[in-house]
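Asker: Predicted model and sequence below, questions to follow.
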Amino acid sequence: MGSIEEAGQSALHDSGAALGDSLDDAKWLNFLGDQLFIRYERTGVISDLEKSIRVAQRALRVTPEDDPEYIGLLYRLGIQLGWRYHRIGEIEDGEESIRIIRLAIDNISYKPSYFCWLLYRLGVALRDKFFRTRDIADLEEAIQATRHAIHEISHDNPIYEIPQDSPIYFKWVYTLGGQLDDKYDITGALPDLQEAIKFTLQAVSKTPREHSAYGEGLNSLGIRFRAKYLRTKELDDVEEGIDFMQEAISSTPEDDPQRAKRLRALATLLGDRYDMERDVTDLEEAIRLLRLANDLTTEHDLDYAGLLDDLSKGLRVLFFKAGNMADLEGAIQASRQAVNIGPEDHSERAAWLVNLGRGLYARAARTEELPHVDEAIQAVRQAIEIAPEDSPDLPKWLHDLGKGLRLRYLRTNASEDIGEAINVLRQASKSFPSEDMTYTEFLNSFGMSLAERGLRTGLVSDLNETIKVLQQALEVTPEGDADHLVLLSNLANVLYERYLQTEAMVDLEGYMQLTQRAMNIVPKESPDHPQWLNRAGVGLGDKFQRTKLAADLDMAIEFIRQAVKTSQEDHLLRGEWLNNLAVRLGTRYSINGDIADLEEAIKASQEVVSITPEEHPNYPRWLNNLGNRLLERYLYGGDVADLDKSIDLGRQAIEITPKDHPDNGGLLMNYVDALMTKLSLESNVDDTDEMISNCEYALRQSSFYIDDRIRAGDRLLDLHSMTENWDRAFEASELVNSLIPRLASRHLENADRQHRLRQAVGLASDTAAVAMHANKSPLTALNFLENGRGVLATSLEDMRIDIVELQERHPDMAEQFIDLRDELEKPPSQTNSSTKQQDTKKEDAQSSWRPEATRRHDTGDKLNQLIMEIRKRPGFEQFLLPPTESDIHAAASHGPIVVINVSKHRCDAILVESQRIRSLQLKGLERDDIEDKSRRGSLGAPEILEWLWDYIASPILDALTFTQPPSDNNWLHIWWIPTGPLSKFPLHAAGRHEESSGDTVIDRVMSSYSPSIKAIINGRRRSDQMATQMGSSLLVSMEHTPGYSDLPYATDEIEMLHDLHQSLALNPLEPGRRYQDITSHLPDCRIFHFAGHGLSHPDDPSKSELLVEDRNTNPLTVATLLEMNLRQNPPFLAYLSACGTGRIRDASFVDESIHLISGFQLAGFRHVIGTLWEVNDEICVDMARLTYEGIRDGGMTDDSVCRGLHCASRELRDLWLTSSAIREGRLKHEAVPLSAADGAATEEENERGHRLERDISLDERAEAHWIPYVHFGV
């Protein structure tokens, strides 16, 4: 050895002198370099490697390139540089090693015995470079080189002297498997992983069991099969991985440092199998193996913290499975230890912190101790701060942070926490992998965080987004998955909450569909079944509020009773179910007055309060509900103790509720109602001041629900009126009136808007009356009426407005408006919900209602934003706003408009003329008196007509100076707009007819009606496009209606009109009598005349209908008319020769004026003639003939329609006056209850063939059958 060292030193010392450039010198240097490298391989002394490289470099310089030894020198130098790169990490060495080995390969003219080694070493060097650069091109070349090397050996070339069963060969195969595995990590291409497994299997099969590479190969197979499982989710891959890893451990000596790693890897695989099979023995075995690995590892080992982290995760999963707190405590302890021991700069430190946070979250959920939540949030925050921005785990960790913040919000109600939770979850949503097994959980967390904020702030937009997110989660969750029911439950809850805010029936139907779907899945014996029974009851209870079917309410109570009865006494949701039972029992008590229901409701509410912790988020609401029940019992029995207790409970509920919480509006108003009840017993200034203060706050708090704010404004007007503080009442009026249109959001369907607007019935009139009391201008009062009445009609008109000017000046905005409008105008796609529920197997709970309902919300919001943008453009500042003063004056250019405002505060007539607007207080007219007359007798009785004249019509006509009948047949024209209960009365017929004094409306002016001034303006804006065109008239006779009495004169009426319409230059058409036959001709007709039965629905005016032949399957209802849009080719006249087409039975809908007449107007008809109540079949023929003759003689103009009906009515009135029947009948006339006089037979009676109004006989009652006919139009 000494001679080698001495020779080396001499050669290096005298390299420039002792050695020359001769071939012998090159051979000597080559020999010397080999000896130095051999010694380095034996001793590991870096100086030997350095010397070997310098010698090899000198030898290479003195060796000719064509020398046979030149390639060998390149080969050896390349290998030595590679070794030095591995030792000291100099990038230049790695690059130079690759360059020299490539040079050797490129210059080979024949294959030396080391050619395969050149290829192999190039593969190793390129793989090293790939680890440094992550350039896949380097890895691709490495794989190619290693494949080539193995290929050379595989052909049994004798020059290599490397048999396929040698350790060198299987080492190279292992290397190729590793390179392919590296490529899979980059590309995710499964074929790369499969090929890596194939080569590793090949290598293992050729490796002796006693060789150390055998265990390493088995370990690699276990790891790679797990990687394959993570892609395929195939159990077979996990099983293979477990088998190989178990064999690897068996072949690993007890003292082998790799044993702990392999135990850990096997534990991971067992954990995977547990995730699939849920066999707890796998989980327990995994934990046992991790403990063994932990025992074999010291705190100084780099893997020690990672082992503890794995152990923590396993223990936490076991806790969730078995519920043993000791497992969770062990998990937290292991996590803390991992975080404390692990290096600060360790790449896995962020993951350890997150795992600690997850354990603390689990303990907080069990113990409800807030410090655990705080510590968990802090740990996860720290993890996110130190994690690389491109970490694939970052979205999951953001999810963990969001969950923790939401959990803390639920404990503390701190709005900043839920806001931050949503922000971080939204950030996570941008990159959260949809294929991840926790994706569903993430979507659920994101959705429910949005829902929490929506419930806290009252923002429906948050609930809308929640529904979208949860729907997305359901779409990717199989029905059998454990998360499926959780998602169904959460989505159902959010739909229900949105229903409570917007009252969109589609949401309630969706809630009930999801509930039914869950009930079909959950076995009756399941502990979860009671909660779905409760949900079913809740849905039916709310459905009752719309259907008024007692069976719905009874079934709701029965379902909730079953839920309470079959649940355990300590069930967490028992309080909620008892509360729901109490609410539904209270509703039934309010319907039937059965005190037993109320007593049971009180008992249930008392139990709820007694078992609910005060910090429970629903505790204030449940206190309030008990207070409501006690107030009802006070009103029933008069026990003041109940009233006092109700007030105390209401006060408690308010005190523990955040002032701006959306629920607080309802709590405040219920409390005010109780105080107002007390006020009726004893006057108390302090109570009055408190009520006013609460109402003021509720009215102005923007986070409160609209219906609660409107309720507050209504109460406030009453309170201020008691003290006649009209200035403050007016301030409240301005705000509450502005809120009314918000009840009818654009996204709601017509039926929902109609239902919501009934909450504000009479309120617009009250605000107008307050304005008059406060000495405001009549225009101010009129604006209140225009804004707060006819809201549904206005919203429909807004959608159908002519936007020609907008199209000319801002075509892009016009196009957007049309697109959004058309989207909202689409009729509901759903069939009747009850039909759907009869066939739950066919319903698709993951589609149907949800996309449509949420889409309508989004579209409505976009349209509102667009309208605001349009109003910013010059000339469009009033776009879709109420009419201006000049618009109102212009509306009266054809005759005065008389708006009669009826309020509990006062009654006024607002007289709108082309040059002025003035008011006339109608002294002596009281709303209570109007309502009493409406209830007591026939509205067409002579004494009613005289009363209308004395108190309303005569003062108004006198004020307008219409004091005499016209002398030249030049009739003046008045448009009447009655409000409130006066809408039922025939103002056009008011007067003292039998005295022949001219003291009647019909003898002084001709009358038209309108629901609002807006309706007149909009009607006139629609030009009569067919005025000069030959058109058709659509004539429908329903002499025979299935299930109803015959109308023998209906056919006579149509036959008469056939000839008369030809004289009007119309082409009469008589299609079939079915819905489709009629509606298909409406867009092209000039006049539509219907002679048949009409039906006014007692509860829902949108269901009032003209009875067509197939009405049981396709009814021609107001609702269907509202969905029609005939504006493109607007028809001229709809003549509805049927009973009660202008009647509204339910007083809560009078402000919206929704009936068959207005339905045809809104569909696009310029004029409509209809009736206020029952009509006589025979008289119908005469009235139609006379009216159309007048229209013909007047040239079929706008004026001719009203004039024709006016003259026909006067002629029939005169016949009535001259008949002996009326003279005798006048003496013996008796008041007839409205149920008869107003044709208020129930729909059920009509269905049984009850005689409808049109077939009333002439001599049956001494009635003036000309009175019900009215004209609505321009």
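Answerer: Nice, thanks for sending it over.
Asker: How far off centre is the helix or strand in which R273 is found?
Answerer: In this structure, R273 sits in helix 259-277 according to DSSP states H and E. Relative to its parent chain, helix 259-277 has a centroid offset of 42 Å by Cα atoms, centre = their mean, to the nearest Å.
Asker: Kindly report the same for stretch 428-440.
Answerer: Here the centre of stretch 428-440 is set off from its chain's centre by 21 Å, with Cα atoms, centre = their mean.
Asker: What pLDDT does the model give R1248?
Answerer: Confidence at R1248, expressed as pLDDT, is 29.
Asker: now swap in V538 and tell me
Answerer: 97.
Asker: Could you do L739 as well?
Answerer: 97.
Asker: if we can go back for a sec, which strands and helices sit next to the helix holding R273?
Answerer: helix 212-232, helix 235-250, helix 280-295, helix 304-322 (3 or more Cβ pairs under 8 Å, 6 or more residues apart in numbering; DSSP states H and E). Where you see a C-beta, it was placed from the backbone N, CA and C, and this is true even at glycine.
Asker: I'd like to know how many residues surround L487.
Answerer: L487 has 25 neighbours, counted by other Cβ atoms under 10 Å.
Asker: next one: the helix or strand hosting V124 to chain centre, how far?
Answerer: V124 is part of helix 115-133, with elements assigned from DSSP H and E. Taking Cα atoms, centre = their mean, one finds the center of helix 115-133 at 57 Å from the center of the full chain.
Asker: I'd like the next helix or strand past that helix.
Answerer: Next in line after helix 115-133, if elements are assigned by DSSP H and E, sits helix 136-154.
Asker: residues of the helix holding R273 that come out buried?
Answerer: 259-274 (16 or more other Cβ atoms under 10 Å).
Asker: which two from the residues you listed end up farthest apart in space?
Answerer: Maximum pairwise distance among the buried residues of helix 259-277 (Cβ to Cβ): 22.5 Å, between R259 and Y274.
Asker: My read is that R517 contacts L488, right?
Answerer: Yes - with contact defined as Cβ atoms under 8 Å, R517 counts as touching L488 (6.5 Å).
Asker: Which one of these two is surrounded by more residues?
Answerer: A count of neighbours by other Cβ under 10 Å puts L488 above the other of R517 and L488, at 24 against 21.
Asker: and the nearest residue to L881 once chain neighbours are set aside, backbone torsions?
Answerer: Leaving aside its sequence neighbours, L881 sits nearest to R871 (Cβ to Cβ, 6 or more residues apart in numbering; 7.7 Å). Main-chain torsions, R871, degrees, to the nearest 10: phi -70, psi -10.
Asker: what's the answer for P68, then?
Answerer: phi -60, psi -30.
Asker: for P978, same thing?
Answerer: phi -80, psi 150.
Asker: Secondary structure element for K111, which one?
Answerer: Applying DSSP H and E, one finds K111 in no helix or strand.
Asker: The chain should start at 49 in everything you say after this.
Answerer: With the count now opening at 49, the last piece we talked about shows up as K159.
Asker: Helix or strand: which one has the spatially most central residue of the chain?
Answerer: For the chain, N512 is the residue whose C-alpha lies nearest the centre (Cα atoms, centre = their mean; 2.6 Å). Using DSSP H and E, N512 falls within helix 508-523.
Asker: Output the next helix-or-strand element following that helix as CSV - backbone C-alpha positions only.
Answerer: Downstream of helix 508-523, the next assigned helix or strand under DSSP H and E is helix 530-550. Output in CSV follows, covering the C-alpha atoms of helix 530-550 (Å, rounded to 0.1, in the frame of the first residue of the first chain):
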residue,chain,number,x,y,z
ALA,A,530,-72.8,7.7,5.6
ASP,A,531,-72.7,11.4,4.6
HIS,A,532,-75.7,11.1,2.4
LEU,A,533,-78.3,11.5,5.1
VAL,A,534,-76.3,14.3,6.8
LEU,A,535,-76.3,16.2,3.5
LEU,A,536,-80.1,15.5,3.0
SER,A,537,-80.7,16.8,6.5
ASN,A,538,-78.6,20.0,6.1
LEU,A,539,-80.0,20.8,2.7
ALA,A,540,-83.6,20.2,4.0
ASN,A,541,-82.9,22.6,6.9
VAL,A,542,-81.5,25.3,4.8
LEU,A,543,-84.4,25.0,2.3
TYR,A,544,-86.8,25.3,5.2
GLU,A,545,-85.0,28.4,6.6
ARG,A,546,-85.1,30.0,3.1
TYR,A,547,-88.8,29.2,3.0
LEU,A,548,-89.4,30.9,6.3
GLN,A,549,-87.7,34.1,5.0
THR,A,550,-89.2,34.2,1.5
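Asker: Rounded mean pLDDT for helix 530-550, please.
Answerer: Mean pLDDT, helix 530-550: 93.
Asker: so what does that helix touch, helix or strand wise?
Answerer: helix 487-505, helix 508-523, helix 553-569, helix 577-595.
Asker: Tell me the buried residues in the helix holding N512?
Answerer: The neighbour-count check on helix 508-523 (16+ other Cβ under 10 Å) flags 508, 510-522 as buried.
Asker: likewise stretch 84-100?
Answerer: Quick answer for stretch 84-100 (16+ other Cβ under 10 Å): 84-85, 87-88, 96-100.
Asker: what about that stretch, how long is it end to end?
Answerer: Stretch 84-100 has an end-to-end distance of 5 Å (criterion: Cα to Cα, to the nearest Å).
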